[in-house]
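Novice: next come a sequence and a model predicted from it.
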Amino acid sequence: MSRRSAEATVRRLLLDARYEVLPTATIEEVVTRSLPIGRTVTVTASPAKGLERTVDLAIRLAGHGYEVVPHLAARMVSGRTELADIVGRLKAAGIDKVFVPAGDAERPGAFPSALELLEALVDLGDPFSHVGVAGYPEDHPTIIHDRLVQAMWDKRHHATEIVSNLTFDHSALTDWVRRVRARGVTTPIIVGLPGPVERAKLLTMATKIGVGESTRFLAKNKGMFARIAAPGGYSPERFLTRAAPELDKPEAAIAGLHLFTFNQIAETEAWRRDLLARLGGGPQ
């Protein structure tokens, strides 16, 4: 692939990127100050914060005019009554897209897996036109690889898109895309990309939000943080440029870009706009 073709692929992905945020107390103000109205913002779910924080922030951001995708973590939903209530509130706010991961809650309610919640949504009349599920370019720290493969196959009839989970290794991403397509899964993929995250801020944020208890999260992802810490170890621009030849193939069916911001919204958006300007045509 030529340099010009790679740049065109990177630009295409950046133009319609969406931004993942964590439901902290100040993030609403940060989003409204940093992102133009109409951008897509996804809101994560953390056991430390509770699912109510996710739903409440999603509704408020939708009220500001953003396209919002709340994470409905299956293990955090107590039962069908709560699910029906959440669905009603989101639909009333005009939210038509959700992302359904299993979630990190140690003691699940009525839905131990994402598939079970997806099936419950069918019983509620398939209320959302867009439903995302997780894909794992690198092994999940608590899920056996074969189970991840089977789960993706099982969920293909419910999902409109697969969102690849956090990885700082472009080769892991592109190898995973090829494996997914080789297994006959044709669901469009949205590529998960860590933004220009600073290691110190990432560690602080992990502790602040209590991702699966921060110490447990960090212990399970030592390799990830080692790659961030290494000199020149991670660059989102380099990641995208190196992955571009595989991501541009029609059979890869890459539908978009999902930016893991770790709430560094202003920094992520500045990076995106700067890179678009350098690729030509001006930032958008």
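Specialist: Nice, thanks for sending it over.

Novice: and the helix or strand containing Asp274, how far out from the chain middle?
Specialist: In this structure, Asp274 is located in helix 265-279 according to DSSP states H and E. Helix 265-279 has its average C-alpha position 19 Å from the chain's average C-alpha position, going by CA atoms, centre = their mean, to the nearest Å.

Novice: by contact count, what packs against that helix?
Specialist: helix 3-15, strand 18-21, helix 27-34 (3 or more CB pairs under 8 Å, 6 or more residues apart in numbering; DSSP states H and E). To be clear about C-beta, it is placed using only N, CA and C from the backbone, and glycine gets the same treatment.

Novice: quick one: strands adjacent to the shortest one?
Specialist: Strand 18-21 has the following strand partners under DSSP bridges: strand 40-43 (parallel), strand 254-260 (parallel).

Novice: so what touches the shortest one?
Specialist: Contacts of strand 40-43 from elsewhere in the structure, counted by CB atoms under 8 Å, 6 or more residues apart in numbering, are 16, 18-23, 31, 35, 54, 57-58, 61, 66-71, 99, 258.

Novice: Asp169 against Glu138, yeah?
Specialist: Yes: contact criterion CB atoms under 8 Å: Asp169 and Glu138 qualify, at 7.0 Å.

Novice: where do the strands sit along the chain?
Specialist: When assigned using DSSP state E, the strands of the chain occupy the ranges 18-21, 40-43, 67-70, 97-99, 130-135, 161-164, 189-194, 254-260.

Novice: show me the shaky parts of the chain.
Specialist: Low-confidence segments of the chain, defined by pLDDT under 70, are located at 1, 139-154, 199-233, 281-284.

Novice: one more time with 80
Specialist: Segments of the chain classed as low confidence (criterion: pLDDT under 80) are 1-4, 104-108, 138-157, 197-234, 281-284.

Novice: filter the contacts of strand 40-43 to the buried ones?
Specialist: In terms of neighbour count (16 or more other CB atoms under 10 Å), the buried residues within the contacts of strand 40-43 are 18-23, 31, 35, 54, 57-58, 61, 66-71, 99, 258.

Novice: which residues does the residue nearest to Ser5 when sequence neighbours are not counted contact?
Specialist: Residue nearest to Ser5 in three dimensions, not counting chain neighbours: Asp248, with 6.9 Å by CB to CB, 6 or more residues apart in numbering. Shown here is Asp248, whose contacts under the criterion CB under 8 Å, 6+ apart are 1, 5-6, 9, 254.

Novice: closest one of those to Ile190?
Specialist: Taking CB to CB as the measure, Ile190 sits nearest to Ile254 out of these, at 7.7 Å.
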